[in-house]
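model this:
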Amino acid sequence: MKTKFTDEADIKIISGSGGDGCVSFRRVRFIPKGGPDGGDGGNGGDVVIFAKQNLTSLSDYAHRRSFKAESGKPGRSSRQHGKNGSDLKLPVPIGTQVFDAETLELLADLNAEGKRVTVASGGRGGKGNVHYKSSVRQAPKVAQKGLPGQQRGIRLVCKLPVDVGVVGPPGSGKSTLLSRVTSAAPEIAAYPFTTQTPCMGVHTTEIFTPLVFIEIPAIVSGSTQGAGVGSRYFKHLERAKALIFVLEGRADKTPEAYMNDFNIIQGELENYGPELGGKRRVVALNKADVFSDGMALEAIRAALETATGARTFWISAEKEMGLEPLMKAVEALCGADGDV
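Below you'll find the predicted structure:
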């Protein structure tokens, strides 16, 4: 069964309680009044959240919502220290942000492998009665209780660390393009809104460092107001270095119609946030194979490139036409200088 993609989760975490201190007295033959020898309780385990490679979803936290670290063991006689409770380590995808669920304070941005944050510290173990002996208190019968663990709500928000976002209106051929230029195998069908959750793939060349691509569901007018599901996943574009706007090519479309498609996507990204709206981008006019007039193609491409200020390419993802110059432009956008 296919695992559901989950990029947000609210969980309750509880650190381990400290073990109680021990009340004990030394009992050794021929040594009367041996005195107190109760050991300390062990410390409770911490709750730690850490970024782990090869995870792309918070699905492990979709159904199980409560997590508790191990408590410390009580102290024992002969000054034996109770065993400390084991820490509870919760793995999340790289790019996960950790918030306090009540205040929404950002506790950590786990944007690199192995990065971690302790979200709840274990309770300290109680002291045994050996600590309470004094000149006037030779046989203390008291010990300290272990401190309880911390309990709090945590909100996890995963923003995947991608290099290139693939966006576009319904039926534009985003999934086909992704399947041709990366290792991804997205669902492809002859109807719009096939993509319901983000799909990722890796693009490799002999020259550039591999680039991680992500395709999000189709963007329609009003996405940021709840139309469609595209904006639900805009967060995964926040870390992208560049975007590919994929627009559907049709023989009956005017340059104005292509520009309208572009403006809808651009407007929804800007509504989400100015940083997303200002990202570097190229435009891929897909399905060039349905045209027979090369001059008409060039006129449309030039008009759109002038109007948008973005490099624009005619491609056919299905026929694998025009993909090489498009990818070179994308690779340049992801480089240090961003020149294309």
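
so how far is Thr205 from the nearest residue to Glu70 once chain neighbours are set aside?
Spatial nearest neighbour of Glu70, chain neighbours left out: Gly85 (3.6 Å); criterion: CB to CB, 6 or more residues apart in numbering. Using the backbone N, CA and C atoms, a C-beta is placed for each residue, glycine as well. When CB to CB, to the nearest Å is applied, the distance between Gly85 and Thr205 equals 49 Å.

what about the two, which has more around it?
More neighbours surround Gly85 than the other of Gly85 and Thr205, with 27 against 11 (other CB atoms under 10 Å).

How confident was the prediction at that one?
At Gly85, the model reports a pLDDT of 97.

repeat for Met327
Met327 is assigned a predicted lDDT (pLDDT) of 94.

need the contact list for it.
Residues in contact with Met327 (CB atoms under 8 Å, 6 or more residues apart in numbering) are Val181, His203, Thr205.

count of residues packed around the first one?
So the one you mean is Val181. Val181: 25 neighbours (other CB under 10 Å).

isn't it right next to Glu324, touching?
No. Using CB atoms under 8 Å, Val181 is not in contact with Glu324; the gap is 9.7 Å.

Quick one: low-confidence residue ranges for the stretch 151-300 of the chain.
Judged by pLDDT under 70, the stretch 151-300 of the chain has its weakly predicted residues at 186-195, 206-208, 222-230.

What segments of it are strands?
With DSSP state E, counting those that start in this stretch applied, the stretch 151-300 of the chain shows strands at 151-158, 164-167, 199-203, 211-215, 242-248, 280-286, listed in chain order.

Closest one of the contacts of Met327 to Gly146?
Ranked by distance to Gly146 (CB to CB), those are led by His203 at 53.4 Å.

Could you double-check that the closest one sits in contact with Ala184?
No. Counting by CB under 8 Å, His203 sits too far from Ala184 to count as a contact (9.4 Å).

what do those two both touch?
Common neighbours of His203 and Ala184, using CB under 8 Å, 6+ apart, are Phe213.

is it true that Ser77 touches Ser24?
Yes. Counting by CB under 8 Å, Ser77 does reach Ser24; the two are 3.7 Å apart.

Tell me the bridge partners for the residue most central in space within the chain.
When the chain is reduced to its mean C-alpha position, the nearest residue by CA atoms, centre = their mean turns out to be Cys158, at 2.4 Å. In this entry, Cys158 is beta-bridged to Thr96, by DSSP bridges.

From the contact counts, what lies against the lengthiest helix in the chain?
Of all segments of type helix in the chain, defined using DSSP state H, the longest is helix 255-272. With contacts taken as 3 or more CB pairs under 8 Å, 6 or more residues apart in numbering; DSSP states H and E, helix 255-272 sits against strand 242-248, helix 274-277, helix 294-308.

ranking those by burial, who's on top?
Comparing the helices and strands packed on helix 255-272 by mean neighbour count (mean count of other CB atoms under 10 Å), strand 242-248 comes out on top with a mean of 25.

returning to what we had before: got the strands of the stretch 151-300 of the chain as JSON lines, with distance to Ala143 columns?
Formatted as JSON lines, those follow (distance: least, CB to CB, whole Å):
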{"stretch": "strand 151-158", "distance to Ala143": "24"}
{"stretch": "strand 164-167", "distance to Ala143": "59"}
{"stretch": "strand 199-203", "distance to Ala143": "55"}
{"stretch": "strand 211-215", "distance to Ala143": "55"}
{"stretch": "strand 242-248", "distance to Ala143": "63"}
{"stretch": "strand 280-286", "distance to Ala143": "64"}
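
so which of those gets nearest Asp7?
Of all those, strand 151-158 comes closest under CB to CB, at 4.3 Å.

which strands and helices sit next to the closest one?
Applying 3+ CB pairs under 8 Å, 6+ apart, one finds that strand 151-158 contacts strand 8-14, strand 88-93, strand 96-100, strand 116-120.

which residues are in contact with that strand?
Identification of contacts with strand 151-158 by CB under 8 Å, 6+ apart yields 6-15, 49, 57-58, 61, 92-93, 95-102, 104, 107, 119-120, 235-236.
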